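> Output the structure for:
(one chain, ligands or ions: 2)
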Amino acid sequence: MTRTAVAPRFRGDRKIEFADRTYPDPGSGQLLLAPRANALCGTDRGFYDNGAEHVTGHETAGVVVAAGPDTTTPVGARGVVFLMDYCGDCRSCRLGATNQCSAKRADMGIADDGGFGPYELIHETIFFPVSDDVEFPLATMLLDVMGTTGHALGRAELVRPDIESIYVAGAGPIGIGLLVMAKIRYGTGFPVHISDVSPWRREYAESLGGIPVDPANLRSVGRPDVAFDSSGKEVARRGALDILGRRGVLVCVGHGESVTLNVSGDLIAPERAVLGSEYFRYDELSGNLAILRQHRDLIGKIITHEFPIAEIGRACELFFAGQTGKVVVTQEEHS
Ligand SMILES: [Zn+2]
Ligand SMILES: [Zn+2]
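Ligands and ions are numbered 1, 2, ... in the order given. The predicted structure follows:
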């Protein structure tokens, strides 16, 4: 039985149309999910401006409505979708580094149909079950907001086990996630300096316990042990390297521009490292679910707005205007 239902399609020039989309029954190893909440992401902006052939949305929580052969997940299970449809067999996957799979089958919502639609067809291996006490919008925080940032903190710890201070460039959703996850991980008194060109975002970060920094006055940060760039801007990465302490680590989380390194002064003499951090590993979800259940009020503050799917255009306009935390689009239960 195929299902036909209306899905929003990003047509470019900030136009979103609703059109019929057909969804097949799940095949072997597959689940058909009915998305119930999907957080907007900075990555969606490119689709909003330029259009997309697929149904977008990659921070998805929902309910399993049909399960294919060779699966064990029951219909009715609630959970979130790991964006990368990893193979499970390659060298990276065998190590658990599922975010570095060399034979990905799909990128859900990025290159293949994702969670803004009425259904989403996924492999069971990328479904992560979530307990009933976590509402669907809150469950989406397990993905980019907690997953990507928790992984980036772990990347820094690989090089730097004695972190005493952090500087975050950019107070968008990833920067805010880094702030909140660092506070949970290292304690409420742990100093997290966070900069943004937007005074609104600096104030928002301060309301969540960050030390706000005007990028024009980076010296006020001192010499942080670890810096994260969530902005993707060359000037922000360069600024972070200019203040980073000895043995410091710069972790680049935001895609975008480049940076020029002075290898002797930036790296060799102070023994610093520059690392990349991409999404997160599937096996990090269970630890993050435990954190979410323990800190649901704090993490819930990262969601500032919710809209029904019919108002996805309004949600995008508001989110991309830059004066929000996470904006989540919700869908009603349907048959
Ligand atoms: Zn995202
Ligand atoms: Zn793989």
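> ok, the closest residue to residue 210 other than its chain neighbours - contacts?
Spatially, and ignoring its direct neighbours in sequence, residue 210 is nearest to residue 194 (4.1 Å; Cβ to Cβ, 6 or more residues apart in numbering). Heads up, the C-betas are built off the backbone N, CA and C, glycines and all. Residue 194 makes contacts with 167, 168, 171, 175, 178, 179, 202, 205, 210, 211, 212, 213, as judged by Cβ atoms under 8 Å, 6 or more residues apart in numbering.
> rerun that using 10 Å as the cut-off
Applying Cβ atoms under 10 Å, 6 or more residues apart in numbering to residue 194 gives the contacts 166-171, 175-176, 178-179, 182, 201-202, 204-206, 208-213, 221, 228, 230.
> Same question for residue 38.
44, 56-62, 81, 109, 114-117, 120, 136-137, 140, 143, 309, 312, 315, 328-331 are the contacts of residue 38 under Cβ under 10 Å, 6+ apart.
> Would you mind trimming the contacts of residue 194 to those in range of ligand 1?
By Cβ under 5 Å from the ion, no member of the contacts of residue 194 lies near ligand 1.
> Among the residues you listed, name the ones in strands.
With DSSP state E as the criterion, strands contain 166, 167, 168, 169, 211, 212, 213, 228 from among the contacts of residue 194.
> Max pairwise distance over these: which two?
212 and 228 (15.5 Å; Cβ to Cβ).
> Show me what residue 8 bridges to in the sheet.
residue 18 (DSSP bridges).
> isn't residue 67 right next to residue 121, touching?
No: with contact defined as Cβ atoms under 10 Å, residue 67 and residue 121 do not form a contacting pair (11.4 Å).
> Mutual contacts of the two, please.
Taking Cβ under 10 Å, 6+ apart as the contact rule, residue 67 and residue 121 both touch 25, 26, 30, 31, 32.
> unless I'm mixing things up, residue 234 is touching residue 261, no?
No: if you go by Cβ under 10 Å, residue 234 and residue 261 don't touch, sitting 11.3 Å apart.
> The closest residue to ligand 1 within the chain in helix, strand or coil?
As assessed by Cβ to the ion, ligand 1 sits closest to residue 41 within the chain, at 2.8 Å. At residue 41 the chain is in coil, as set by DSSP: H, G, I helix; E, B strand; the rest coil.
> burial count for it?
By the criterion of other Cβ atoms under 10 Å, residue 41 has 26 neighbours.
> what about the most centrally placed residue in the chain, distance to residue 38?
Closest to where the C-alpha atoms of the chain average out (Cα atoms, centre = their mean) is residue 144, at 1.3 Å. Separation of residue 144 from residue 38 (Cβ to Cβ, to the nearest Å): 11 Å.
> joint contacts of these two?
Joint contacts of residue 144 and residue 38 (Cβ under 10 Å, 6+ apart) are 58, 59.
> Residue 151: which element?
If you go by DSSP states H and E, residue 151 is part of helix 149-159.
> Centre of the chain to that helix, how far?
15 Å (Cα atoms, centre = their mean, to the nearest Å).
> What of stretch 214-233?
21 Å.
> just stretch 203-222 next, same as before
How far stretch 203-222 lies from its chain's middle: 22 Å, per Cα atoms, centre = their mean.
> mind listing the helices in the stretch 1-150 of the chain by residue range?
Using DSSP state H, counting those that start in this stretch, the helices found in the stretch 1-150 of the chain span residues 44-50, 91-94, 136-139, 149-159.
> So which elements touch the last one?
Spelled out, it's helix 149-159. The contact analysis (3 or more Cβ pairs under 10 Å, 6 or more residues apart in numbering; DSSP states H and E) places helix 149-159 against strand 166-169, helix 173-186, strand 226-229, strand 249-252, strand 273-276, helix 285-294.
> next one: the third one
Packed against helix 136-139, as judged by 3+ Cβ pairs under 10 Å, 6+ apart, are the following elements: strand 30-39, strand 60-67, strand 78-81, helix 285-294, helix 296-300, strand 303-308, strand 326-330.
> from the chain's centre, how far out does it sit?
The chain centroid and the centroid of helix 136-139 are separated by 13 Å, computed with Cα atoms, centre = their mean.
> where does the chain have low pLDDT?
Low-confidence segments of the chain, defined by pLDDT under 70, span residues 335.
> go again using 80 as the cut-off
For the chain, applying pLDDT under 80 flags the ranges 334-335.
> quick revisit: need the max-distance pair from the shared contacts of residue 67 and residue 121.
25 and 31 (10.7 Å).
> Tell me which of these two has more neighbours.
The neighbour count for residue 25 versus residue 31, taken as other Cβ under 10 Å, is higher for residue 31 (25 against 13).
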